[in-house]
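**Student:** what would the 3D arrangement of this be:
(chains A and B)
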Amino acid sequence: MAMMAMRSRMRLSFATATLALVFLVLPAVVAARAEVKIQEVKSDKGITAWLVEDYSVPIVAVRFLFDGGSSQDPAGKEGLANLMTGLFDEGAGDLDSDAFQNRLDEAGAEMGFSESNDAVGGAMRMLADEQDEAFELLKLAVEKPRFDQAPIDRIRSQIVAGIVANARDPETEASRKWAEAIYGEHPYARPDQGTEKSLGTIAADDLRAFHKSNFARDNLHVAVVGAIDAETLKKRLDQVFGDLPEKSEMRKVERVEPKLGQTLQIEYPLPQTSLQLVYPGVPRDAPDFLAAALMEQILGGGTFSSRLFDEVREKRGLAYSVSSALINQEHSSSLIIGTATRSDRAAETLAVVRDVVRKMAEEGPTAEELEAAKKYMLGAYAINNLDSSRAIANTLVDLQTDELGIDYMQRRIDLISAVTLDQVKAVAQKLLSVEPAVMILGPKLDGGKG
Amino acid sequence: MILGLLRAKRSLPAVLALVLSAAAPALADVPGKEWSVSSFSLDNGMQVVVIPDHRAPIVTHMVWYKVGSADEPPGKSGIAHFFEHLMFKGTANHKAGEFGQKVAEIGGNENAFTTYDYTAYHQTVTPSALETMMTFEADRMRNLVLTDAVIGPERDVILEERRSRIENNPGALLNEEVDATLFQNEPYRIPVIGWMHEIEQLNRVDATAFYDRYYAPNNAILVVAGDVEPDRVKELAEKTYGKIARGPDLPPRIRPKEPEQNTKRTVEMTDARVSVPSFSKAWVVPSYQTAKPGEAEALDLLSEILGGGNRSRLYQELVVKQGIASSAGAYFEGTMVDDTSFTVYGAPRGEAGLQQVEDAVDVEIRRIIKDGVTADELEKAKNRFVRSMIFARDNQASMANIYGSTLATGGSVADVEQWPDRIRAVTPDQIKDAAAKYLNPDRSVAGYLLPAQSTQK
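**Tutor:** Alright, predicted model coming up:
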C-alpha cells in the first residue's frame, strides 16, 4: 500500500511501540509478471546496474545494496552497521553535516540509508534536472563519509535514547528474548541497533573500517528507474561507485536453522496477548520454494480469504490481525504465523491456529485453493512491486540479491503455473508437521500449549 | 487518526497509513495531457475524478463517502469505523467474501479506512478488472445484508483492533485524552475507533441507520487513477454507480463548533511500559476548510519551518545544536472539515529533562512570534512542498488520495491544482502572524507521558 505519512498523525509525539515483533526481516519478493523493460548496464569500471527508462515523471530513483549488514558487526560492537546508516548524510567529502544537508535540500533530492541482518542499503530520489548535484552528493555519501565525532555522538545518543525508551516496553523485551530463543548464538539473535554498552565502544575508526571492508564493488547491487538513459547511467555508476575498493572483506556467517519445538511464555498483564509461531522455511533457491509460497498464501497470506483469516477472524472474531509469512534471510529460512487476541481467549486462539496448521499439514490445500493462489500470485506482482519508480527499483535489487535473473518476470509465470497440487501437499506436510516454536506475550496462558 | 480494515500483510501488521498531509500535493506545471485530471458528476449526484497514468497496467479504484467519525450520533462512537468493516459482508447479490475472492483471484489489493471526516474503500487491480470492481462496489453501496450473525463476531474484531492500537500502547491512550481535552465541543474530541464502552453496545439497528443515512451516490466520490481513460471510466460509472437511485439530500455538515479557548491545560499519564518521558503541546487552529484565505497555507509552512524535518528549527536547535532532545518537531493537520490541531512535540536525551526540552520548544515558538521567519527558510520550505508534488505523481494511489481527501472534506479539484500557487504566495509576515495568533501558550493543551515511578516532568 501507498505510505504517505508526511507531516501527519502517524508521526506521533510519543515513541509508539509497534504491534509487531520486528526482528524478522520482510520476506523476499515472491512472484513476477513482465511489464517493465529491464536493461543491463555495465560501466567502464565494470559496475553493473539494472535500468528501467521512464520519462513520464521527471524524476530518477536509485536503489543499491551492499551485502553484509548488521551480521557483520564485530562482536561487542553490535549496532555498528545501524549507526553507520545514520551518518551518510551527516558530512562527506569537504562538506560537514550542515553543509551537506543544506545542499541536499537545495537539490531537492531525498536520500536514505538502512540496514538489515544481511545488507546495508541506500535509496535516492531526485528531480531529473537536478541530477548532477544529486549524483555528486550521493557519490560523496557512499565513497567519502566523514564520520565526524560530533554527528557520531549525536546519532549514537539518539539511538541510545530510543533503546532506553523501549527498555520497559513488553514487545521490545519479547522480541529480544524471542530472537535469542530462535537463533541462539548466531548473529541474527543480536539486536541490530546494539545496546547502550556496545554502542559506547564504537569509535570513528570502527566505522571507517566497516565502511572499507563492506562497501566494495563486488558486493554491490544497483537498480535505477526513471528519466535517465543507459549511456548517462554508465557514467553515473562510475561517478558514484567507481572509486570503491574492488573487493569486500566479509566475515563468514554460518547458516542457522531456527530452534523449534519450544515455548517461550513472557508474562505481562496486557489486555491483549501476542502469539507467534515459527515453523521451518524453504530457501529461495530450493526447488520447492514456489510450492511453499503458494501453500503459505493459502494458509495465511495477504488476502481477506486465507484459511487463518477465515477461521480466526471471520468466523470467531478472535483477532484483528492474523497472518503468516515465508521469511528468507541470507542464512536462514522460516515460516511464521502471528496474531494478537484478547487475553482471556488466547488459549482458544492458539488452539484454532494449531488446528488450521494441522489440517493443512495433513490434507494440504484443495485444487480450487491452489488455482486461486496461483492466480493471485501471478496478478499481484505488478500491483505489489511495480506501482512506482521506487517500488520498481526495490524489486530489481531484490531480484539481483535473490539471483533470479533479469528475465525472471517472464519466467515466473511458467514456474508458478507448473507447481502441482502434490508438490504443495508435500511441502505443507514437510514444514507444518514439525512442532513449532511458540511465543506467548501476555498473561499466563490457561490451557497449556493449546 | 485513520483506521482501516487492515489485513496484516506478512510479518508486520503494517498500519495502513494512507494519511494525507494538509499540504495535498497537486499537479503543478505539468505539461502533456496524460497528466490532466478530469472530473464530472453522474446524474444521481456522485462525483467522479479520473487521474490517468499509463506507466503500468494498474488502476486504483476508490469510493470516498463524505462521512466519518465526527458525523456519528452522540453515544454511538465507533459506528463509522465499525460500519466500514461491515461493508465487507454479504449483499443481496453476493455472499460474504465473494468480492474479496474476486480481488484476490486477479492478484489485486483491497482495503478501506475511516477518519474523522471520511470513509474510503479501494482496490488496485489490472485495468481489465475495473468494471468488476465497480460492479461490486456499487452493489454494496445499497444492497448490504446486515444480520446479527455477522455483526457479533465483527464487533469482537473491532474490540481487538482497539486493544491492539490503543490499550496496548500508552502513547495512543494519552493521545486520546489529549484530543478529548483539546477539543471542548467539536466531535474531533472523540476517537475515530470509538470509546470501548460505546463500541461494545453498537448493534444492527445502529449500523442500518448509519448505512441508510450516509451510503448513497450523492454522498460519494469516485476516484480512479491509473491506466484508464476518462471516457471509459465515465461509461463504466454510468453503467454501475449510475444505476443507483439518488439518496435523500443530506443537510450540510454543520457540527458543534469550538468555544473560545481560555485556559492552559495539561494531561498527564504514567505507565509502567514507559522509560523515557515525552510531551506534546497542541492548539486548535483553522483547517483548509475553515481558514481565511492564505491562513492554512501559512500554518502548513509554519509547521514545516518550525518542526517539519531535519532542517527545521526545532530539530536543528534541540537535537543538533543543544543536544537535549532525541526528537522534536511539529505537525499541522489541515485537510479537515472543521477547525483542527497544530502540535509540537519532543523527548529528552542524555542528561536533559523533559522540562528543559519543553522550555526549548517554547523558546523557538516565541522566536518566530517575535522575529518571524527568514526569506531564505521560507523559500526552502516552499520548494520542498512544491517538489513533493512532483514526487507524488510517481504513485497513482498517492494521487488518488490527494484528490479524494480534498474533495471529501469539502475542497475541489481546483483547490488541489491551485495549492502550489497559494503556497508560493505566502509571505514571511503571514507566518509570523499565524504563529502569534494561534500558538498562544495560555490556550494550549500539553500531554505528558511519564514513566511509572517518575515524579519529575
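
**Student:** strands of chain B, start to end?
**Tutor:** Ranges of strands in chain B, per DSSP state E, are B:3-4, B:38-41, B:47-52, B:59-65, B:109-114, B:119-125, B:220-226, B:265-271, B:278-285, B:325-332, B:340-348, B:445-451.

**Student:** same list (those strands) but as TSV, adding distance to chain A and mean pLDDT.
**Tutor:** Every C-beta, even on glycine, is put in place using the N, C-alpha and C of the backbone. Output for the strands of chain B, formatted as TSV (distance: least, C-beta to the nearest C-beta, whole Å; pLDDT from 0 to 100):
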stretch	distance to chain A	mean pLDDT
strand B:3-4	9	54
strand B:38-41	18	96
strand B:47-52	11	97
strand B:59-65	8	98
strand B:109-114	6	95
strand B:119-125	5	97
strand B:220-226	9	97
strand B:265-271	9	97
strand B:278-285	4	98
strand B:325-332	3	96
strand B:340-348	3	97
strand B:445-451	5	97
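
**Student:** mean neighbour count added to these, as TSV?
**Tutor:** Putting the strands of chain B into TSV (neighbours: other C-beta atoms under 10 Å in any protein chain shown) gives the following:
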stretch	mean neighbour count
strand B:3-4	24
strand B:38-41	15
strand B:47-52	23
strand B:59-65	26
strand B:109-114	23
strand B:119-125	26
strand B:220-226	27
strand B:265-271	16
strand B:278-285	24
strand B:325-332	27
strand B:340-348	26
strand B:445-451	22
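
**Student:** need the residues of the stretch 201-350 of chain B near chain A, please.
**Tutor:** Applying C-beta under 8 Å from any C-beta of the partner chain, we find that the stretch 201-350 of chain B lies next to chain A at B:272-276, B:278-280, B:300, B:303-304, B:308, B:310-311, B:319-320, B:323, B:326-327, B:329, B:331-333, B:343, B:345-350.

**Student:** ok, now with 6 Å
**Tutor:** Residues of the stretch 201-350 of chain B found near chain A (C-beta under 6 Å from any C-beta of the partner chain) are B:273, B:275-276, B:278, B:280, B:311, B:326, B:331, B:345, B:349-350.

**Student:** re the thing from before, adding distance to B:Ala172, write the strands of chain B out as a markdown table.
**Tutor:** What follows is the strands of chain B, written out as a markdown table (distance: least, C-beta to C-beta, whole Å):
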| stretch | distance to B:Ala172 |
| --- | --- |
| strand B:3-4 | 12 |
| strand B:38-41 | 37 |
| strand B:47-52 | 33 |
| strand B:59-65 | 25 |
| strand B:109-114 | 16 |
| strand B:119-125 | 21 |
| strand B:220-226 | 29 |
| strand B:265-271 | 11 |
| strand B:278-285 | 12 |
| strand B:325-332 | 16 |
| strand B:340-348 | 14 |
| strand B:445-451 | 10 |
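
**Student:** which of those sits closest to B:Pro191?
**Tutor:** Evaluated over the strands of chain B, closeness to B:Pro191 peaks at strand B:3-4, with 9.1 Å, by C-beta to C-beta.

**Student:** B:Ser388: neighbour count?
**Tutor:** Around B:Ser388 there are 21 other residues, counting by other C-beta atoms under 10 Å in any protein chain shown.

**Student:** what pLDDT does it get?
**Tutor:** pLDDT for B:Ser388: 90.

**Student:** residues contacting the nearest residue to A:Glu115 once chain neighbours are set aside?
**Tutor:** In space, and not counting its chain neighbours, A:Glu115 is closest to A:Ala81: 4.5 Å by C-beta to C-beta, 6 or more residues apart in numbering or on different chains. If you count contacts by C-beta atoms under 6 Å, 6 or more residues apart in numbering or on different chains, A:Ala81 has them with A:69-70, A:73, A:115, A:120.

**Student:** in ChimeraX, select just the buried ones from these.
**Tutor:** Only the buried members of the contacts of A:Ala81 end up in this ChimeraX selection, burial being decided by 16 or more other C-beta atoms under 10 Å in any protein chain shown:
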select /A:69,70,73,115,120
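
**Student:** pull the most distant pair out of the contacts of A:Ala81.
**Tutor:** A:Asp73 and A:Val120 (10.8 Å).

**Student:** what about the nearest residue to A:Lys45 once chain neighbours are set aside, how many residues nearby?
**Tutor:** If the residues on either side of it in the chain are set aside, A:Lys45 comes closest to A:Gly242, at 4.5 Å by C-beta to C-beta, 6+ apart. By other C-beta under 10 Å, the residues close to A:Gly242 number 17.

**Student:** just want the residue of the stretch 351-450 of chain A that's nearest chain B.
**Tutor:** Nearest residue of the stretch 351-450 of chain A to chain B (C-beta to the nearest C-beta) works out as A:Gly379 at 2.3 Å.

**Student:** nearest to A:Ile298, of the strands of chain B?
**Tutor:** Between A:Ile298 and these, the shortest separation by C-beta to C-beta is 17.8 Å, and it involves strand B:109-114.

**Student:** quick one: average pLDDT of stretch B:252-261?
**Tutor:** Mean per-residue pLDDT for stretch B:252-261: 95.

**Student:** show me which residues of it are buried.
**Tutor:** By neighbour count with 16+ other C-beta under 10 Å, stretch B:252-261 contains the buried residues B:253, B:261.

**Student:** which other residues reach that stretch?
**Tutor:** For stretch B:252-261, using C-beta under 6 Å, 6+ apart, the contacting residues are B:185-187, B:284, B:337, B:339, B:443.

**Student:** just curious, which of those residues is nearest to B:Asp362?
**Tutor:** Of all the contacts of stretch B:252-261, B:Asp362 sits closest to B:Arg443, with 13.7 Å by C-beta to C-beta.

**Student:** check contacts around that closest one.
**Tutor:** B:Gln261.

**Student:** go again with 7 Å.
**Tutor:** For B:Arg443, the contacting residues are B:261-262, B:264, B:283, by C-beta atoms under 7 Å, 6 or more residues apart in numbering or on different chains.

**Student:** which one of those is nearest to A:Ala372?
**Tutor:** Sorting these by how near they are to A:Ala372, with C-beta to C-beta, puts B:Trp283 at the top with 51.5 Å.

**Student:** hang on, that closest one packs against B:Thr340?
**Tutor:** No: look at B:Trp283 against B:Thr340 with C-beta atoms under 7 Å: they stay out of range, at 9.8 Å.

**Student:** in the stretch 101-250 of chain A, which spans are strands?
**Tutor:** Secondary structure of the stretch 101-250 of chain A by DSSP state E, counting those that start in this stretch: the strands cover A:110-115, A:119-127, A:220-226.

**Student:** thank you, goodbye.
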